[in-house]
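Visitor: Task: produce atomic coordinates for the following.
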Amino acid sequence: MKEKKKTLLYIGNKLANKGGTPTVIDTLSEQLIADGYVVITASDKKNKAHRLLEMVATFFRVRHRVNAVLIDTYSTKNFYFAILIGSLCRTYNIPYFPILHGGNLPQRIALHPRKSVKYFGGARLNIAPSYYLLKAFEAEGFTNLEYIPNAIEVEKYPFKPRKKVQPNLLWVRSFSEIYNPLLALEVLEQLIHNGHKASLCMVGPEKDGSLAKCKEVAARKSLPVTFTGLLSKESWIELSTESDVFINTTNFDNLPVSIIEAMALGFPIVSTNVGGLPYLIENEVDGFLVPPENAEAMVNAIELLCVDQNISEAMSQAAKLKVENYNWSNIRESWQKVLNF
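Guide: Coordinates of the predicted model:
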């Protein structure tokens, strides 16, 4: 007799249909549903207070029929949402699984040691999508850990080997200060100053005023930047064929799905060397890692890709090979094992 799959409550910021960037809750919930699980999600409210209220209300509405709760756990203010839901899970003896996303979570633990011990220590398992956070949590003494990377369906990303690279740059992220989008404009400006016919396409929604700042700088300096706003995954994948190099300018990060997607598409990657990125990108093999807040180092890496076709093509192929490790067909069994309790 076929085993009946569990009913799950998934707590996170499900804002893709409300103008936000798709996050793991959008993809993982659909993947689990396709595998036969019943998945209830909360919340898609844009207002943070309303979102928290719906998360709590949904918990009480379904608590008698869910087998477990998945909680996207970030290092921003949403950290406190996760703490609250975890407390409710412990009160009602419902197993819960924090999914660790925030690249700054180790600092959160340092700031809130008691809350962290209760929340992370009381979880059935903490799911670490990167070895960076796995090692960081092990260093804090947590043992209830499981490594399961973020997954994509690789077959949905048409691979285009970048053999002859021009400094046509693509940046995909929410416009937030922690992702440092202004650095991308500085890189573009230096490339143009160095005599390159460079361009930059920036894809993503406004989050904290950073998009407005970038538009002002681009207009004032007459930089060739295209701001698309939020695009569907299909739209930005189609748009990506016009670019040659994917840049990631963040100051904090864990295991960004946008980088995994870019690798699947065949981009050579130039990224800041922060958080979990050195666990994803092997420097000078499947991408370049440069110090944060260092436009010159990023420019140097981009110029090297442009002058040496062998490097750009080799990185493109190596990235494609690595990303197979993040294909949902390979990750599915890890989730099934975790949820089979």
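
Visitor: Now do the strands in the stretch 151-300 of the chain.
Guide: Along the stretch 151-300 of the chain, the segments classed as strands by DSSP state E, counting those that start in this stretch run 168-172, 199-203, 225-229, 245-248, 269-272, 288-290.

Visitor: Pick the most buried one from those.
Guide: strand 245-248 (a mean of 26; mean count of other CB atoms under 10 Å). All C-beta spots, glycine's among them, are computed from the backbone N, C-alpha and C.

Visitor: What residue, apart from its backbone neighbours, is nearest the residue nearest the centre of the chain spatially?
Guide: Centroid-nearest residue in the chain, with CA atoms, centre = their mean: Pro256, separated by 2.8 Å. Spatially, and ignoring its direct neighbours in sequence, Pro256 is nearest to Asn248 (6.9 Å; CB to CB, 6 or more residues apart in numbering).

Visitor: tell me the contacts of that neighbour?
Guide: Trp171, Arg173, Pro256, Ser258, Ile259, Ile269, Val270, Ser271, Thr272, Leu277 (CB atoms under 8 Å, 6 or more residues apart in numbering).

Visitor: Got the confidence number for the nearest residue to Phe159 once chain neighbours are set aside?
Guide: Leaving aside its sequence neighbours, Phe159 sits nearest to Gly266 (CB to CB, 6+ apart; 4.8 Å). We have a pLDDT of 95 for Gly266.

Visitor: Please verify my assumption that Gly266 contacts Ala318.
Guide: No: counting by CB atoms under 8 Å, Gly266 stays clear of Ala318, with 10.5 Å between them.

Visitor: of the two, who's got more company?
Guide: Taking other CB atoms under 10 Å, Gly266 and Ala318 do not tie; Gly266 has more neighbours (24 against 17).

Visitor: Please list all residues in contact with that one.
Guide: Phe159, Lys160, Pro161, Arg162, Ser316, Ala319, Lys320.

Visitor: Report the separation between the second one and Ala262.
Guide: If I follow you right, that is Lys160. 11 Å (CB to CB, to the nearest Å).

Visitor: More neighbours: the two, which one.
Guide: Just comparing Lys160 and Ala262: by other CB under 10 Å the higher neighbour count belongs to Ala262, 27 against 15.

Visitor: could you check the distance from the nearest residue to the more buried one once chain neighbours are set aside over to Val225?
Guide: Excluding the flanking residues, the one nearest Ala262 by CB to CB, 6+ apart is Phe246, at 4.0 Å. To Val225, Phe246 is 15 Å away according to CB to CB.

Visitor: still on that earlier bit, so which of the contacts of Asn248 comes closest to Ile94?
Guide: Distance to Ile94 across these (CB to CB) is lowest for Pro256, with 30.0 Å.

Visitor: Make sure the closest one is actually in contact with Ala262.
Guide: No: the pair Pro256 / Ala262 is not scored as a contact, 9.2 Å apart, by CB under 8 Å.

Visitor: Which strands and helices lie in contact with the one helix or strand Leu133 maps to?
Guide: Element membership for Leu133, per DSSP states H and E: helix 131-139. Packed against helix 131-139 by the contact rule (3 or more CB pairs under 8 Å, 6 or more residues apart in numbering; DSSP states H and E) you find helix 105-111, strand 126-128, strand 145-147, helix 277-280.
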